[in-house]
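Visitor: have a look; sequence and predicted model below, questions after that.
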Amino acid sequence: MIVMKFGGTSVGSAERMEEVVQLVLATLEKSGPAVVVLSAMSGVTNLLIAGAEQALVRKLDDAYTVVEAIRSKHAVAIDKLFDGDEGTSNALKADIDAQLEDLIVLYRGVGYLGELSKRSLDAISGMGELLSSRIVAALARKRGLAACWLDARELLVTDDNFGKAAPLWEKLVLPTRLQMNRRLQEGECVFTQGFIGSTTSGIATTLGRGGSDYSAAIFGVALDAEEIQIWTDVDGMMSADPRVVPEAKLLPEVSFQEASELAYFGAKVLHPMTIRPAVEKQIPVRILNTMNPSCGGTLIKAEVQSDDLIRAVAAKKRITAVYLSSANMLMSHGYLAKVFEIFDRYKIAVDLISTSEVSIALTIDTDERLDELQEELAKHAEVQIFKDVAIVSVVGRQFRVQSGIAGRVFRALSEINIMMISGGASDINLSFVVGGTDADKAVKQLHAEFFAAAPV
Ligand code: ADP
Ligand code: ASP
Ligand code: MG
């Protein structure tokens, strides 16, 4: 059994949806049963969130304009796909209208209360996948597939960390197996949504932006899939973001560890949590291009043979850097514990750390509650906080024993102000912090340094 996940661009129009169904048909023929996990049509999650923000400032008319934009985007696709089949077209439009009625109620609630909690935002932002998946499932049926549509919120049980919910494995594996395996055994192909789940009491949650990849991995692990396929809009994992570095090259094979580092440090092609469940069950993950399906893509697996010193460069933007400095740190013990207890209390994960005699520099992936955090930290140290910086990472191999890599990295970046350096903790990653506006330039220069053809 294979899990196939299609991202936003892959289901972004009637034509793309048609291609998705053809790819599913081809896979069923070649490799047997499949569970298909779908994202919202491209741009729809952003629209849903934008509408909520309008509702929050009581611009309900603008929020309703968003609702109409979403309705029309889906109606255009339905009209093209089900031309001449009024029954299906009307049924789908009625489903979409019902869903959008709920959305209007939610927007109105946000407007009246002047409050947009993470919980409300999850109920709102997760609606896009419910809309797109119904259309694709209906199209699959029209193309002769025994397709069933399952609501992921009834299967993917999560905790209540709204906006970034985590799966509750002990609650979700059994119902997922029961529901999905039964359908698969009956010869049906299961269509469901990425990104969304619900708490044990049935409140809607999301796994965080880009979380459909993670959903695919969760379903794949729950069902013991042979392979998890992430179908997207690029050929696979590349040596850099091809939007920033058009000459970036495809990496045909990547190790679980390399993929985790790259995803965590900004390679958006894969949600950073996707790899962890797959590693535990050693399920290979393949990244493939919906628009170029004959390309082999990237296979992510346990071990990979490669002689490349540097595999890829990535950047993670909109990061916050925190600098702490205090004479109390000198020769004392327990100081770091005190500081990290504060981050723990605010449930903030620390990414990079670098220390000197009396100072600590670190990065966090949030810009929320920074005033409160600063106030708490100020009880222990002088604090400086810089928002909107970027982490740039070079991922390669054997950094601890190779000489000259750091030299080449910093020579390549000689014109860029480096605000912090973190290396050595991982044998395959060297990361540093630059200003947000320098991130793309840093990635380009590093890529040119390590990937440009050697001069003859
Ligand atoms: P989807 O909607 O299919 O989930 P995403 O937009 O989330 O697609 O991810 C695909 C995008 O990831 C690509 O269009 C590309 O710009 C970006 N990306 C960033 N880093 C990389 C990388 N190293 N390799 C490939 N793509 C990358
Ligand atoms: N639609 C969601 C997002 O845009 C989830 C996803 O596509 O992975 O973040
Ligand atoms: Mg994505």
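Guide: Looks like it arrived, so ask away. Ligands and ions are numbered 1, 2, ... in the order given.
Visitor: pull the CA atoms of stretch 375-386 into PDB?
Guide: Provided in PDB are the C-alpha atoms of stretch 375-386 (Å, rounded to 0.1, in the frame of the first residue of the first chain):
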ATOM      1  CA  GLU A 375      11.000  40.800  30.600                       C
ATOM      2  CA  GLU A 376      11.600  37.300  32.100                       C
ATOM      3  CA  LEU A 377      15.000  37.000  30.600                       C
ATOM      4  CA  ALA A 378      16.000  40.400  31.800                       C
ATOM      5  CA  LYS A 379      15.800  39.100  35.400                       C
ATOM      6  CA  HIS A 380      18.900  37.100  34.600                       C
ATOM      7  CA  ALA A 381      20.800  39.000  31.900                       C
ATOM      8  CA  GLU A 382      21.100  41.900  29.600                       C
ATOM      9  CA  VAL A 383      18.800  41.000  26.600                       C
ATOM     10  CA  GLN A 384      18.900  42.000  23.000                       C
ATOM     11  CA  ILE A 385      16.300  40.600  20.600                       C
ATOM     12  CA  PHE A 386      16.400  40.800  16.800                       C
END
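Visitor: now the helix ranked longest in the chain: buried residues?
Guide: When the chain is parsed with DSSP state H, its longest helix is helix 86-113. For helix 86-113, a neighbour-count test (16 or more other C-beta atoms under 10 Å) marks 88-89, 92-93, 95-96, 99-100, 103, 106-107, 110-111 as buried. Where C-beta positions appear, they are placed from N, C-alpha and C, glycine not excepted.
Visitor: how far does stretch 119-127 sit from its chain's centre?
Guide: Chain-centre distance of stretch 119-127: 16 Å, with C-alpha atoms, centre = their mean, to the nearest Å.
Visitor: the closest residue to ligand 1 within the stretch 51-200 of the chain - nearest residue in space that isn't next to it in sequence?
Guide: The nearest approach of the stretch 51-200 of the chain to ligand 1 comes at Gly194, 8.5 Å away (C-beta to the nearest ligand atom). Once flanking residues are discounted, Gly194 sits nearest to Ser212: 2.4 Å by C-beta to C-beta, 6 or more residues apart in numbering.
Visitor: run through the residues of the stretch 251-400 of the chain sitting next to ligand 1.
Guide: 267-269, 312, 314 (C-beta under 6 Å from any ligand atom).
Visitor: try 5 Å
Guide: Residues of the stretch 251-400 of the chain lying near ligand 1 by C-beta under 5 Å from any ligand atom: 267-269.
Visitor: can you select the buried ones from the residues you listed in PyMOL?
Guide: In PyMOL, this line selects whichever of those come out buried by 16+ other C-beta under 10 Å:
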select buried, resi 267+268+269
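Visitor: before we move on, the earlier item: quick one: neighbours of the residue of the stretch 51-200 of the chain closest to ligand 1, just the number.
Guide: Number of residues near Gly194 (other C-beta atoms under 10 Å) recorded here: 32.
Visitor: Gly8 is in contact with that one, correct?
Guide: No: counting by C-beta atoms under 8 Å, Gly194 sits too far from Gly8 to count as a contact (9.8 Å).
Visitor: joint contacts of these two?
Guide: Taking C-beta atoms under 8 Å, 6 or more residues apart in numbering as the contact rule, Gly194 and Gly8 both touch Ser39.
Visitor: tell me the average confidence for stretch 359-377?
Guide: On average, the pLDDT along stretch 359-377 is 93.
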